[in-house]
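**Q** below: sequence and its predicted model.
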There are 2 protein chains.
Amino acid sequence: MSGANEPKVPWSGRGNRFTDEEIDYIVEAMKTADPMTQGRYQAEFECNFAGFVEQKYAFAVTSGTAALQMAAALTRVGPGDDVIMPAHTFAASAIPFGQMGANLVWADIDPDTLVVTGDAIARVLTPKTKVIVVVHLYGLMVDMDPIMKLAKERGILVVEDCAQSLGATDDKDRQAGSIGDFGCYSFHTHKNMSTLGEGGMLTVRDDDLAAVVPGLRHNGMRGFDFAQDEYWKPAMSNVDFDWDNIWPYNFCMGEVQCAAGIVQLRRVNDMNAKRDQRARRFAEALSGFPELVFQHTPDGYHNIRYCLPARYDGTETDATRDDFMRRMAHHHQVKMVVQYYPLYRYPMFIKAGFGDADCPETDRFFDSMVSFPFHEWMPDDQFEYMLDATRETLDTLRRDAA
Amino acid sequence: MSGANEPKVPWSGRGNRFTDEEIDYIVEAMKTADPMTQGRYQAEFECNFAGFVEQKYAFAVTSGTAALQMAAALTRVGPGDDVIMPAHTFAASAIPFGQMGANLVWADIDPDTLVVTGDAIARVLTPKTKVIVVVHLYGLMVDMDPIMKLAKERGILVVEDCAQSLGATDDKDRQAGSIGDFGCYSFHTHKNMSTLGEGGMLTVRDDDLAAVVPGLRHNGMRGFDFAQDEYWKPAMSNVDFDWDNIWPYNFCMGEVQCAAGIVQLRRVNDMNAKRDQRARRFAEALSGFPELVFQHTPDGYHNIRYCLPARYDGTETDATRDDFMRRMAHHHQVKMVVQYYPLYRYPMFIKAGFGDADCPETDRFFDSMVSFPFHEWMPDDQFEYMLDATRETLDTLRRDAA
């Protein structure tokens, strides 16, 4: 990690940092937690989390992918069932449903909000649709009402992929994940809060489905259905699982990670607010440049700004998105990225038979998008440097075109 | 956790503790690791681990179950294939192979060593056998040579379940996990070393199989097969996976857990030695009581003593195993356990069609076994108290019989 090769504004491998108080709390768990897994920290984290996101049950797991895998298992989709989801998302939104043998159906995104819409879902709905996965991408919630209406009319289950949207709310002040049947959250280090690098949470509304989760999460382990005369008879615990053909996992999150989750959750609204303030400042400061079109946040929505993406519109300058990326990278040493490659273009999904899609906005946005470094702990001077570099780059591209 | 209700010798929820130096090292990772997952701590932990267990490749994962699930995926077993394994083990040894759709076939254990044998495996071998799972249970390695001979003759893959045997060696000084095709380790908090509560490691011998693991572990993510002119084109990274019909997972272990693994691994041989010394002292001190028959460690084997199990033989006193358990629990407040319920007796395996077995020793041992609390940090006076309590209990049961 020599300074010479490092960008002036890196794309950080961690989205946030821990305060000294947070570290003290986590170390205390490291020293005293007994048990070290599935204990009191997990119980507290899950209880606080369920309260925060306004959902009935919450279960800590090893990653957002694990949460989605548990949700996929709980929906019981399989061969012959359609699962609709946007292709403009991280691969983990789709993989667990492919793993279940379901048919993946891609819905387009809205070019302004960059998230999926009820209309786009309606266009690909079939009688075989069993599950809809909505992805609240980049920190912005999807407009859920039209989707829930479609789903309820047809008995379709709705999974909210909230990996990028913990704390986001819609124009009715509803939390991301509080509306569908399942909410899947990620505490991966890039996210707005983290549990020491990896981690996730599954929320569940239905009582019967929630009762299955502890066994699904931990190798089918559960208590017996009867009072044991001696605690060791017939065995210390039971392995049972009323869930035909679904085998359980081990997705338990250790107590030390749960302790990190407890303290980060207390602060996530503040961290989200800081991100939002910065994103607004960035977009406002660049409002004179129509070349950059930032994600549109509809009135009344709180966007928690997991990322700072924008569409690059080079029509007036003849410069391309790649010209912009190149100057930012090589002249200013700002490590921008381009995300998310439409899932139907990846070899893995093509080989699995899911290479077809009619998603013109998904293609168009990916091919013209840029994403600015946006970790929460970015120093102010670095942030201002990035803003100046962006202005300079856009000015230069204009001058070159003139 | 009030003292009044707590046993004098608890069955601890954590197998070991972290030293102050270890905590300092882990906290440093918490403060500075960037990235916070799949970074330098992972690389160092994996490199050190591969060296320690004398296997070519090592991959940190979220749990021993995850390691077994990856191994199961890599063997490519499926419907119509037999997988042989002992039923005297934790459920996770078997679940991943059931998940792949394979037919689970139970092999019996040796009544003295308590682990599976080549003879027992040979008795249930069929032309459909594709994988053998050996479980080095309680810290003792299985005699591998006869099993490897069977496997090599028939092109069978061998998975070593080393969840309970990190650092164990056989009479040729070979490490557990260094002999078969895959080694699966657990750092769950009960184990001889831990990574903050949960964690595991998969070791792989074959170059081609090892090349698949990073993608299998992380949502199919990999680099492109060609040099990218611009780092963002065609995308930041590829999602591909030359592994038909197997979908990837996210089993990544965060950097802070990897840091814990690095420091615990340095000390695991010392911790193992302490366990072994205590186990020997316990068995020797009770050598006058044929009622307790401890696990037999063959000459030249190093048993790392994950647990301290014994068969209770009540033939001379008319007292039963349950009489022994009861007096230890209620008179002496020693929280003993009984493990492992034969997997074919659990409802989950019965429902899945794997309720049949011809394993008389597995049944006999479970129905007569006891397991003493044996966490590494048990204070000496507690250990001596437990020894005295055991003597007193055995004496009392003899007197009652007389």
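**A** Here it is on my side, so go on. What you see is a predicted model, and the numbers here were worked out from it, not measured in a lab.
**Q** excluding chain neighbours, give the residue nearest to the one residue in the stretch 101-250 of chain A that gets nearest to chain B in space.
**A** Residue nearest to chain B within the stretch 101-250 of chain A (C-beta to the nearest C-beta): A:G197, separated by 2.3 Å. No exception for glycine: its C-beta is placed from N, CA and C like everyone else's. Nearest residue to A:G197, sequence neighbours excluded (C-beta to C-beta, 6 or more residues apart in numbering or on different chains): B:G254, at 2.3 Å.
**Q** make sure the one you found is actually in contact with A:F187.
**A** No. The criterion here is C-beta atoms under 8 Å, and B:G254 misses it with A:F187 at 9.4 Å.
**Q** what sits in contact with each of these two?
**A** Here B:G254 and A:F187 have A:T195, A:E198, A:G199 as joint contacts, going by C-beta atoms under 8 Å, 6 or more residues apart in numbering or on different chains.
**Q** quick one: A:P290 from A:T297, how far?
**A** Counting by C-beta to C-beta, to the nearest Å, the separation of A:P290 from A:T297 is 18 Å.
**Q** check which element follows the helix or strand harbouring A:V212 along the chain.
**A** Element membership of A:V212, judged by DSSP states H and E, is helix A:207-217. Per DSSP H and E, the first helix or strand lying C-terminal to helix A:207-217 is strand A:221-222.
**Q** list of residues touching that next one?
**A** So strand A:221-222 is contacted by A:P214, A:G215, A:S237, A:N238, A:V239, A:D240, A:F241, B:A91 (C-beta under 8 Å, 6+ apart).
**Q** just checking, next helix/strand downstream of that strand?
**A** With DSSP H and E, the next secondary element past strand A:221-222 is strand A:238-239.
**Q** report the buried residues of the next helix or strand after that next one.
**A** Sequence-wise, the next helix or strand downstream of strand A:238-239 (DSSP H and E) is helix A:255-285. By 16 or more other C-beta atoms under 10 Å in any protein chain shown, the buried positions in helix A:255-285 come out as A:255-265, A:267-269, A:271-272, A:275-276, A:278-279, A:282-283.
**Q** and the residue nearest to A:T169 when sequence neighbours are not counted, its phi and psi?
**A** Leaving out its chain neighbours, the residue that sits closest to A:T169 by C-beta to C-beta, 6+ apart is A:H302, at 4.5 Å. Note on A:H302: backbone dihedrals following degrees, to the nearest 10 are phi -100, psi 110.
**Q** do you know the pLDDT at A:H302?
**A** pLDDT recorded at A:H302 is 98.
**Q** next, count neighbours for it.
**A** Residues near A:H302, counting by other C-beta atoms under 10 Å in any protein chain shown, number 22.
**Q** would you map the helices across the stretch 51-200 of chain A?
**A** A:64-75, A:95-99, A:118-124, A:144-154 (DSSP state H, counting those that start in this stretch).
**Q** which one of the ones you listed is the most hemmed in?
**A** Most buried of the helices of the stretch 51-200 of chain A, by mean neighbour count (mean count of other C-beta atoms under 10 Å in any protein chain shown): helix A:64-75, with a mean of 27.
**Q** and that helix, what does it pack against?
**A** Here helix A:64-75 is seen to pack against strand A:57-61, helix A:95-99, strand A:129-135, strand A:157-161, strand A:182-186, strand A:200-204, helix A:207-217 when contacts are counted using 3 or more C-beta pairs under 8 Å, 6 or more residues apart in numbering or on different chains; DSSP states H and E.
**Q** how close does the residue nearest to A:T169 sit to A:D170?
**A** Distance from A:H302 to A:D170, by C-beta to C-beta: 8 Å.
**Q** how about the closest residue to A:K56 other than its chain neighbours, phi and psi?
**A** Once flanking residues are discounted, A:K56 sits nearest to A:R205: 5.4 Å by C-beta to C-beta, 6+ apart. The phi and psi values for A:R205, taken as degrees, to the nearest 10, are phi -90, psi -40.
**Q** contact partners for A:R205?
**A** Listed by C-beta under 8 Å, 6+ apart, the contact set of A:R205 reads A:Q55, A:K56, A:Y57, A:G180, A:D181, A:F182.
**Q** again, only this time at 10 Å
**A** Taking C-beta atoms under 10 Å, 6 or more residues apart in numbering or on different chains, we find A:R205 in contact with A:Q55, A:K56, A:Y57, A:V158, A:G177, A:S178, A:I179, A:G180, A:D181, A:F182, A:G183.
**Q** quick check: the two most widely separated of the residues you listed?
**A** A:Y57 and A:V158 (16.0 Å; C-beta to C-beta).
**Q** looking at the helices and strands packed on helix A:64-75, which is buried most?
**A** strand A:182-186 (a mean of 30).
**Q** who does that one touch, helix- and strand-wise?
**A** Here strand A:182-186 touches helix A:40-53, strand A:57-61, helix A:64-75, strand A:129-135, strand A:157-161, strand A:200-204, going by 3 or more C-beta pairs under 10 Å, 6 or more residues apart in numbering or on different chains; DSSP states H and E.
**Q** how far away is A:S371 from chain B?
**A** As judged by C-beta to the nearest C-beta, to the nearest Å, A:S371 and chain B stand 9 Å apart.
**Q** need the pLDDT of that residue.
**A** For A:S371, pLDDT reads 98.
**Q** quick one: it is in a strand?
**A** Yes. Under DSSP: H, G, I helix; E, B strand; the rest coil, A:S371 falls within a strand.
**Q** from B:W232, how far out is it?
**A** A:S371 is 9 Å from B:W232, by C-beta to C-beta.
**Q** of the two, which one has the most company?
**A** Neighbours were counted for A:S371 and for B:W232 using other C-beta under 10 Å; B:W232 has more, 21 against 18.
**Q** quick check: that one touching A:V370?
**A** Yes. Using C-beta atoms under 10 Å, B:W232 is in contact with A:V370, at 8.7 Å.
**Q** A:R311 belongs to a strand?
**A** Yes. Remark: A:R311 belongs to a strand, assigned using three-state DSSP.
**Q** how much space separates the closest residue to it other than its chain neighbours from chain B?
**A** Of all residues not flanking A:R311 in the chain, A:V293 sits nearest, at 4.4 Å (C-beta to C-beta, 6+ apart). Separation of A:V293 from chain B (C-beta to the nearest C-beta) stands at 18 Å.
**Q** so A:V293 belongs to a helix, correct?
**A** No. Under three-state DSSP, A:V293 sits outside any helix and is assigned strand.
**Q** just give the number of residues close to A:Y344.
**A** A:Y344 has 19 nearby residues by other C-beta under 10 Å.
**Q** residues in contact with it?
**A** Counted by C-beta under 10 Å, 6+ apart, A:Y344 has contacts A:87, A:94, A:104, A:106, A:350, A:354-359, A:362-363.
**Q** distance to A:R76, neighbour count and pLDDT added to the residues you listed, as TSV?
**A** Below are the contacts of A:Y344 laid out as TSV (distance: C-beta to C-beta, whole Å; neighbours: other C-beta atoms under 10 Å in any protein chain shown; pLDDT from 0 to 100):
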residue	distance to A:R76	neighbour count	pLDDT
A:A87	24	28	97
A:A94	17	32	98
A:L104	16	22	98
A:W106	22	25	98
A:I350	27	14	96
A:F354	20	19	97
A:G355	26	15	97
A:D356	25	11	97
A:A357	25	20	98
A:D358	28	13	97
A:C359	27	23	98
A:T362	28	27	98
A:D363	32	17	98
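**Q** where strands are concerned, which of those count?
**A** Residues of the contacts of A:Y344 located in strands (DSSP state E): A:L104, A:W106.
**Q** now, which of the contacts of A:Y344 lie close to chain B?
**A** Subset of these in contact with chain B: A:A94, A:I350, counting by C-beta under 10 Å from any C-beta of the partner chain.
**Q** now the stretch 201-350 of chain A against chain B: closest residue?
**A** Here the residue of the stretch 201-350 of chain A nearest chain B is A:G254; by C-beta to the nearest C-beta that distance is 2.3 Å.
**Q** give me the most central residue, chain A.
**A** A:A163 (1.8 Å; C-alpha atoms, centre = their mean).
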